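Undergrad: model the following, please.
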Amino acid sequence: MAFDYGSIDLGLKNPFKPEGRITAFRGVLQLLAGIYLLFTAVKIVKTDAGAGWILVVFGIFVLSLGIRALGSGIYATLRYFVGRNHPTSLARNFNKSDATKSDQESDYVAYTAQVVEEMLVGRKNATFLEPQGWAHSHFPGFKKACLLEQKE
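TA: Modelled structure (predicted):
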């Protein structure tokens, strides 16, 4: 694997970077808005103490939301999702050596053993469902057009 992909990285792009950058940018804007509210509150407290303290509380709230968004955005740009376990099987595994893992994964498998056998032996695609409904039964051309759209 190191020969194919290099020893430093796998050459995979981080899918969380764009969302993390947007969240970090939002955090910076909230942070700046919170700081602006706090500086405005200092001026207002001198003239109207009640409104000024309400603005201080609101400014601290916006400031804390900005810090949180900035931190989560930076974290999202630096993190990368890597699974720790082997992928779940398509169907339940009946090997004696995998009996405990098979029992744990039985709720998460996508197919039964019979469906997987039909897919492999009979070359069937169990994930594709034929279009149903009155339009597909009365207008065969409509059904053919829908099938062509799904292939493209």
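Undergrad: give me the pLDDT for K143.
TA: Here the pLDDT value assigned to K143 is 53.
Undergrad: the one 4 residues further on too?
TA: At L147 the predicted local confidence, pLDDT, stands at 50.
Undergrad: residues near E19, how many?
TA: 13 (other CB atoms under 10 Å). (Each C-beta comes from the backbone N, C-alpha and C, glycine too.)
Undergrad: what's near enough to touch it?
TA: A76 (CB atoms under 8 Å, 6 or more residues apart in numbering).
Undergrad: with the one 3 residues further on instead?
TA: For I22, the contact set (CB under 8 Å, 6+ apart) comprises G73.
Undergrad: on the three-state scheme, it is what?
TA: helix (DSSP: H, G, I helix; E, B strand; the rest coil).
Undergrad: model confidence score at it, please.
TA: 94.
Undergrad: next one: the one 10 residues further on
TA: Model confidence at L32, given as pLDDT, is 96.
Undergrad: element containing it?
TA: Taking DSSP states H and E as the definition, L32 sits inside helix 17-47.
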